[in-house]
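*Asks:* Sequence below, structure please.
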Amino acid sequence: MPAPKLTRRLFWAAELLLFAGTLAAAVWLSHADEWQPLSLVALLLVLTLVGDWLSIETPGGELSCALVAIVLVMALLGPVPAMAFSVAGTILNSATRRVPAAQFLNNVATFAVVPFAGGWSMRELALHFHVLHNAHQAQSIVFGLIVLGAFMATVVLNFALYALHKRLQDGRPLGRQVRELFLPLLPGQLAAGVLATVLAVMYESIGLPMLIGSIVVLLILRQLTVALLRSEDRAEALQARSRQLVGLQLGVLRTLVRALGMRDRTSARHAASVARYAKALASEIGCDEEECDVIHAAGLLHEIGKFTWPDRVLHAETIQDEDLAIVKSHPQEGSILVGALDGYGDVADAILYHHERVDGRGYPAGLIGKEIPLASRILAICSIYDTVTARESYRAQMTPEEAMAELRRGAENGQLDAELVEPFVALLAREGPTFAQDADFETELDFERRVRQMAEPHTSTLATRGPKRRPGDRNWRASVDRLRTRVINKD
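*Replies:* Numbering: from 1, shown residues only. I've put the predicted structure just below:
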């Protein structure tokens with residue numbers, strides 16, 4: 001909480017005395033040499049007054065041109081000009097921002113004391129080590145170290161005066177101010193100090209033309225940096241909008257799966273289990289991380305097309321002949337829903353063809369062998385295994401051993417890929433025959449991570465492993481509609 005009113009008034013009085021004492025010391029120590037050469041004085045005065053409008057916001061903090069100018073005044077002119085310029089800039093800045101009276105007093109007192117103390121210490125140390133206005137390389141290095149060291153001391157002093165004011169005025173703890181103000185701003189202040197030190201050394205070694213040239217270059221770099229930062233801001237804003245759009249799209253699919261789960265309590269668990277089985281099998285046969293992620297996503301969404309089924313089909317123990325077309329349409333319906341997501345084309349492919357058979361007697365396209373995408377062949381195996389071993393299955397539950405034998409029979413009769421069945425059986429023997437049946441849909445989906453991943457530009461390597469789309473099939477939905485028509489006509 002703020003300090004008592006009496007304490008704050010005593011502090012204000014102390015600030016006034018501090019300012020008056022600094023002003024008196026400046027008058028006492030002032031001499032005409034500090035205001036020479038006039039060209040340097042004019043240049044640094046302008047930079048001090050307009051420096052706050054030339055500052056650059058960077059990820060590491062603000063690079064203040066006004067702070068650079070004040071350090072140059074302390075190093076090249078002396079304590080009195082440093083105090084005068086700093087107070088003038090503070091008054092202009094405070095008037096523009098219309099700061100409260102207490103804060104204005106603290107600003108004026110602080111920016112009178114700190115530059116004066118810094119300029120005085122720089123001059124005294126430079127005189128002591130005989131490096132003032134000395135262009136020798138070794139002496140220039142010593143001068144630069146003095147400027148940087150004195151600057152860092154003034155940074156600490158500046159923060160101490162400001163933090164004390166905030167502690168008494170607003171009750172903000174000093175430790176919190178160090179964490180929230182001093183440390184975050186320190187990188188930008190260090191950058192300004194190092195830049196000012198380099199410019200001061202260059203001026204002492206070469207002269208005013210080099211200083212002016214360097215400042216011009218810095219101003220040009222500032223404009224380029226501002227343009228770059230604006231471009232980055234636009235890119236970040238676009239990225240945020242992309243994530244928001246992707247989140248909306250994927251959220252719609254998640255909602256459909258949830259809604260399907262409310263109608264059929266087995267669907268969400270089945271999707272999560274198939275996804276986990278499928279990802280493990282993909283890793284088992286040597287798929288890379290991107291391929292595993294595509295196959296995992298396809299497992300999660302492979303039955304989303306069942307959302308279009310009426311309840312009589314969704315809950316039927318035996319499918320009627322007139323409903324076969326509806327049942328066989330769910331790969332196309334699911335692929336259309338998933339294919340609307342940017343970057344999920346391979347997932348849509350995996351869903352579209354997961355009821356194909358390696359002997360060519362599957363649907364919707366009658367693909368043969370390796371024409372079927374790898375992800376689809378994996379999904380077919382994992383979906384069948386989870387369906388026949390699940391307790392809530394619509395058919396009699398099989399033991400894991402019976403299910404493995406069923407998979408091998410499927411490979412022998414041309415339904416499943418034998419090259420994938422055996423690695424899957426080996427995986428089950430090692431990890432446990434039901435290691436994925438306790439999977440949770442929301443955990444497997446990992447919604448936030450998937451949104452971030454989908455919002456990033458990427459290219460997939462799975463496209464080369466599936467069927468190539470014909471040149472005429474430029475419209476994905478139209479292509480799927482043709483497959484749907486083909487299935488219906490077959491029936």
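*Asks:* switch to C-alpha atoms for all contacts and neighbour counts from now on
*Replies:* OK.
*Asks:* which stretches of the stretch 51-200 of the chain aren't confidently modelled?
*Replies:* Regions of the stretch 51-200 of the chain meeting the criterion pLDDT under 70 cover residues 52-64, 133-138.
*Asks:* which residues of it fall in helices?
*Replies:* Remark: helices assigned in the stretch 51-200 of the chain by DSSP state H, counting those that start in this stretch are 65-76, 79-97, 101-128, 137-170, 174-177, 183-205.
*Asks:* Buried residues of the fourth one, list them for me.
*Replies:* By neighbour count on 16 or more other CA atoms under 10 Å, the buried set for helix 137-170 is 139-152, 154-155, 157-169.
*Asks:* swap in the fifth one?
*Replies:* By neighbour count with 16+ other CA under 10 Å, helix 174-177 contains the buried residues Gln177.
*Asks:* Report all helices and strands that that helix contacts.
*Replies:* Using 3 or more CA pairs under 8 Å, 6 or more residues apart in numbering; DSSP states H and E as the contact test, the elements touching helix 174-177 are helix 137-170.
*Asks:* For the helix it packs on, name the packing helices and strands.
*Replies:* Contacting helix 137-170 under the criterion 3+ CA pairs under 8 Å, 6+ apart are the following elements: helix 5-29, helix 101-128, helix 174-177, helix 183-205.
*Asks:* Tabulate the ones you listed (a markdown table), appending distance to Arg357.
*Replies:* Listed next are those as a markdown table, based on distance: least, CA to CA, whole Å:
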| stretch | distance to Arg357 |
| --- | --- |
| helix 5-29 | 84 |
| helix 101-128 | 78 |
| helix 174-177 | 66 |
| helix 183-205 | 61 |
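*Asks:* Indicate which one of those helices is closest to Leu44.
*Replies:* With CA to CA, the closest approach to Leu44 among the helices and strands packed on helix 137-170 belongs to helix 183-205: 11.7 Å.
*Asks:* Tell me the first helix or strand C-terminal of the helix or strand where Ala426 lies.
*Replies:* Secondary-structure assignment from DSSP states H and E places Ala426 in helix 418-431. Proceeding N to C from helix 418-431, the next assigned helix or strand is helix 441-445, under DSSP H and E.
*Asks:* Name the surrounding residues that touch that following helix.
*Replies:* The set of residues external to helix 441-445 that reach it, using CA atoms under 8 Å, 6 or more residues apart in numbering, is 268-269, 271-272, 275-276, 297, 300.
*Asks:* at 7 Å instead, please
*Replies:* Contacting residues not belonging to helix 441-445 are listed as 268-269, 271-272 [CA atoms under 7 Å, 6 or more residues apart in numbering].
*Asks:* before we move on, back to that, so which of the helices and strands packed on helix 137-170 gets nearest Met404?
*Replies:* Proximity to Met404, assessed across these by CA to CA, is greatest for helix 183-205 (60.1 Å).
*Asks:* domain assignment for the chain?
*Replies:* The chain breaks down by automatic domain parsing into domains covering 5-206, 237-490.
*Asks:* Could you dump these into TSV with distance to Gly213 added?
*Replies:* Putting those into TSV (distance: least, CA to CA, whole Å) gives the following:
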stretch	distance to Gly213
domain 5-206	10
domain 237-490	36
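*Asks:* top of the contacts of helix 441-445 by neighbour count?
*Replies:* Ranked by neighbour count (other CA atoms under 10 Å), these have Ala271 at the top, with 28 neighbours.
*Asks:* Let's have the helices of the stretch 51-200 of the chain in CSV, adding distance to Leu10.
*Replies:* CSV is the format used below for the helices of the stretch 51-200 of the chain (distance: least, CA to CA, whole Å):
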stretch, distance to Leu10
helix 65-76, 29
helix 79-97, 22
helix 101-128, 12
helix 137-170, 11
helix 174-177, 19
helix 183-205, 29
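*Asks:* what's the neighbour count on the nearest residue to Gly299 once chain neighbours are set aside?
*Replies:* Distances taken as CA to CA, 6 or more residues apart in numbering place Ala275 nearest to Gly299, at 4.0 Å, with adjacent residues excluded. As a burial measure, the neighbour count of Ala275 was computed by other CA under 10 Å and equals 31.
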